[in-house]
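> next come a sequence and a model predicted from it.
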Amino acid sequence: MCGIIGVVGSTDTLSTLLEGLQRLEYRGYDSAGIALVRSGETWRARSAAGTESVAALRLECEDAPAGFTSGLGHTRWATHGAPEAVNAHPHLDCSGNIAIIHNGIIENHGELQEQLEERGHVFTSVTDSEVLAHLIEESRSEGLELLEAVRASLLVVRGAFAIAAMDATEPDVIVAARRISPLVVGTAPGVTYLASDVPAILDRASAFYAVNDDEIVRLGPEGFRAIDLEGSPVRLRQLAIDWDLETAQKGGYDDFMTKEINEQPDALRSTLLDRRRHDGTISFDELRMSDDELREVRRVVLVAAGTSHHAALVAKYAIERWARVSVEVDISSEYRYRDPIVEIGTLVIGVSQSGETIDTIQATREAQRRGARVVAISNVVDSSLAREADAVIYTRAGLEVSVASTKAFVAQVAALELFALRLAQLRETLVPRDVEALFLGLNAVGAQVARALERRSDVEAVAKGLLGARDFFFLGRHVGFPTALEGALKLKELTYLHAEGYPAGELKHGPLALIEPGVVVVAVATDPSMHEKILSNLAEVKARGASVVAVATDDDETIGAVADYVLRVPASEPMFTPMVDIVPLQLFAYAMARGLGRNVDRPRNLAKTVTVE
Ligand code: F6R
């Protein structure tokens, strides 16, 4: 989520860092900083001015001393700690010699910080990242060179990271490492670069190398060498990069939507990281609500718009099933105009990717006026919704650029289901063994999503066969219903074709009259307990001449009897299926849109964030 750049051996260090940070803008950021390091001197500048942070940083750097050949730069997308200059990277150790930048989440930062403070270290930020600077400082004080000091520190941290460290007492060296978060090294004669993403160094380096998980690399002006966590030498794989800047910013994909669809396993992993304590308690660092307050919840009302509304609908099933609390879901633009009832114990949850959707903000304001406690589920740290709410849970999907929401949806479902599990723990409506199994199951969804993504070409073949169709009905039961709604929304907004989502059982109550040859019915048929009923609904539409597309699990041998086309997905626990089943539906909408020559990232008439009612 954060952007990283580093350089050693450069004659224009400052512009390399600032231009690199500017090129990471598409990742989104709320603050930015650089550190220039040379023998005995570390010069640092940081700014937190939202999307203007790099511009503000540029101004601060007008006073930077000349002659530095090495440095680090960072753009931050806050996860722990508010987006303020003190929390912006680089962070320094107590001596001020060591500078670190970090992308990711250090899961055990709390306990590490406690131990470091007991040993006299002084922290100056509210971030999980700063522990790294102090851990490296301790190892350096034991005489380890920077490479070994970083290695020793990584042996005690848990979580996801791409980090880079410099030390003014060992100048012209950067040591970097990764676990999960991306990192590349670039080389040019006499200069070595480091970045979270190729665009940051695309026009500077002539060769690029990928750092793999748990590899540590030492960069000097003459080049680099890498080791693994045991200290054994490893070779970095060279990347064949012939991208222009635009392609590079899209991660090599044709458009942001494809990039974001493919980022879904990472979005899930980030959203779920650092959410369970040693004793099994599910916890949200950023949720400013006590256990007692949560225990008092008697009714939950979810308010949201569009895709976020569909994620909220999934949450209704999970919260009611697991925590036995009654849940209502409202379209946010309707909530404030229907004279809503807010009783003691009503918790209102506003769900929004941007956190700036005016309908949802107005709905949560109305709820607060009527005395409700409000929790925001937001993908953007410090968004208006997050600031105004009494408490917040962040989905950590990273910036979503494409207008059609994809990775935000799976992250919202994951965060809301995790919240449902927390409520169930507090209300003791599930036994610990079941919470544990569901938590582990939720953590396995990312891998199932990755497998669903591998079936892209099968989905494309189905879309090709249906390019002439003009009317689509998406059907589902239980959580398959919100999945169907979301599948229909993706198709209509991307292709401009008529697509509606329905609970499959509702078909006979009216819409069946519209079914005739040429109409396509897309059914979510992955839940074994709903399977028979869905099959008979599909038989009804098939008998009336519709073409049938079914999303079905790999082991489903009966679906072929009613479906003309089958989109296969790996089986998962029914409550988790929306996160997996939506993948072929996103890919289907995308393939149809491309086939029809639509602009997938910018559908007509739509804006990414709706700030007017
Ligand atoms: C659909 C889509 C919109 C948004 C809706 C709410 O692909 O992107 O329906 O989901 O405008 O936006 P947020 O989640 O930012 O409140």
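That came through fine.
> what's the residue of the chain at minimum distance from the ligand in contact with, if anything?
Here the chain gets closest to the ligand at one residue, Gly306, 1.9 Å apart by CB to the nearest ligand atom. Glycine gets a C-beta too; all of them are placed from N, C-alpha and C. Going by CB atoms under 8 Å, 6 or more residues apart in numbering, Gly306 touches Ser405, Leu489.
> how close does it get to Glu436?
Distance from Gly306 to Glu436, counting by CB to CB, to the nearest Å: 34 Å.
> and the stretch 451-600 of the chain, which of its residues are near the ligand?
Leu489, Glu493 (CB under 6 Å from any ligand atom).
> where do the helices of the stretch 451-600 of the chain begin and end?
456-465, 480-495, 531-543, 577-595 (DSSP state H, counting those that start in this stretch).
> ranking these by mean pLDDT, which is last?
Lowest mean pLDDT within the helices of the stretch 451-600 of the chain: helix 531-543, at a mean of 94.
> who are the packing partners of that one?
Other helices and strands packing on helix 531-543, by 3 or more CB pairs under 8 Å, 6 or more residues apart in numbering; DSSP states H and E, are strand 471-476, strand 519-524, strand 547-553.
> tabulate the ones you listed (a markdown table), appending mean pLDDT and mean neighbour count.
Output for the helices and strands packed on helix 531-543, formatted as a markdown table (pLDDT from 0 to 100; neighbours: other CB atoms under 10 Å):
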| stretch | mean pLDDT | mean neighbour count |
| --- | --- | --- |
| strand 471-476 | 98 | 26 |
| strand 519-524 | 98 | 26 |
| strand 547-553 | 98 | 24 |
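> and these as JSON lines, adding distance to Ala48?
JSON lines is the format used below for those (distance: least, CB to CB, whole Å):
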{"stretch": "strand 471-476", "distance to Ala48": "43"}
{"stretch": "strand 519-524", "distance to Ala48": "43"}
{"stretch": "strand 547-553", "distance to Ala48": "43"}
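> I'd like the distance between Ser232 and Ala82.
On the measure of CB to CB, Ser232 and Ala82 end up 41 Å apart.
> meant to ask about Tyr335
28 Å.
> between the two, who's got more neighbours?
The neighbour comparison of Tyr335 against Ala82 (other CB atoms under 10 Å) goes to Tyr335, with 24 against 15.
> so that one is in which element?
helix 332-335 (DSSP states H and E).
> which strands or helices does that helix pack on?
Checking 3+ CB pairs under 8 Å, 6+ apart, helix 332-335 ends up next to strand 299-304, helix 358-369.
> mind exporting stretch 538-555 as CSV, just the C-alpha atoms?
Taking C-alpha atoms only, stretch 538-555 is exported to CSV below (Å, rounded to 0.1, in the frame of the first residue of the first chain):
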residue,chain,number,x,y,z
LEU,A,538,-32.6,-23.0,-13.5
ALA,A,539,-34.7,-25.8,-15.0
GLU,A,540,-37.7,-23.3,-15.0
VAL,A,541,-35.8,-20.7,-16.9
LYS,A,542,-34.2,-23.2,-19.3
ALA,A,543,-37.7,-24.6,-20.1
ARG,A,544,-38.6,-21.0,-21.2
GLY,A,545,-35.6,-20.7,-23.5
ALA,A,546,-33.1,-18.8,-21.5
SER,A,547,-29.4,-19.5,-21.8
VAL,A,548,-28.0,-20.5,-18.4
VAL,A,549,-24.6,-19.7,-16.9
ALA,A,550,-23.8,-21.2,-13.5
VAL,A,551,-21.1,-20.4,-11.0
ALA,A,552,-20.4,-23.8,-9.6
THR,A,553,-17.8,-25.6,-7.5
ASP,A,554,-15.1,-27.8,-9.0
ASP,A,555,-16.8,-31.0,-7.7
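> quick one: contacts of that stretch?
Contacts of stretch 538-555 (CB under 8 Å, 6+ apart): 462, 466, 469, 473, 483, 507-508, 512, 515-526, 559, 562-571, 581, 584-585, 588.
> what segments of the stretch 151-300 of the chain are strands?
Ranges of strands within the stretch 151-300 of the chain are 159-167, 174-179, 184-188, 191-195, 207-210, 215-220, 223-228, 233-234, 237-239, 299-304, based on DSSP state E, counting those that start in this stretch.
> centre of the chain versus the fifth one, how much separation?
In this case it means strand 207-210. From the chain centre to the centre of strand 207-210 is a distance of 25 Å (CA atoms, centre = their mean, to the nearest Å).
> which bits of this protein sit near the ligand?
Residues of the chain lying near the ligand (CB under 6 Å from any ligand atom): 305-308, 352-354, 357, 360, 404-405, 489, 493, 609-610.
> for those, pick the one with the most neighbours.
Going by other CB under 10 Å, Ser352 tops these with 34 neighbours.
> just grab the bridge partners of that one for me.
Ser378 (DSSP bridges).
> mind checking how far it is from Ala305?
8 Å.
> try Tyr590
22 Å.
> just give me the neighbour total for Lys508.
11.
> once you drop chain neighbours, what's closest to it?
Excluding the flanking residues, the one nearest Lys508 by CB to CB, 6 or more residues apart in numbering is Glu540, at 7.4 Å.
> next one: Gly120
In space, Gly120 is closest to Cys94, 8.0 Å off (CB to CB, 6+ apart).
> helix, strand or coil for the one you found?
coil (DSSP: H, G, I helix; E, B strand; the rest coil).
> test my guess that it contacts Val122.
Yes. The criterion here is CB atoms under 8 Å, and Cys94 meets it with Val122 at 5.8 Å.
> these two - which one has more neighbours?
Neighbour totals were compared for Cys94 and Val122, and Cys94 leads with 17 against 9 (other CB under 10 Å).
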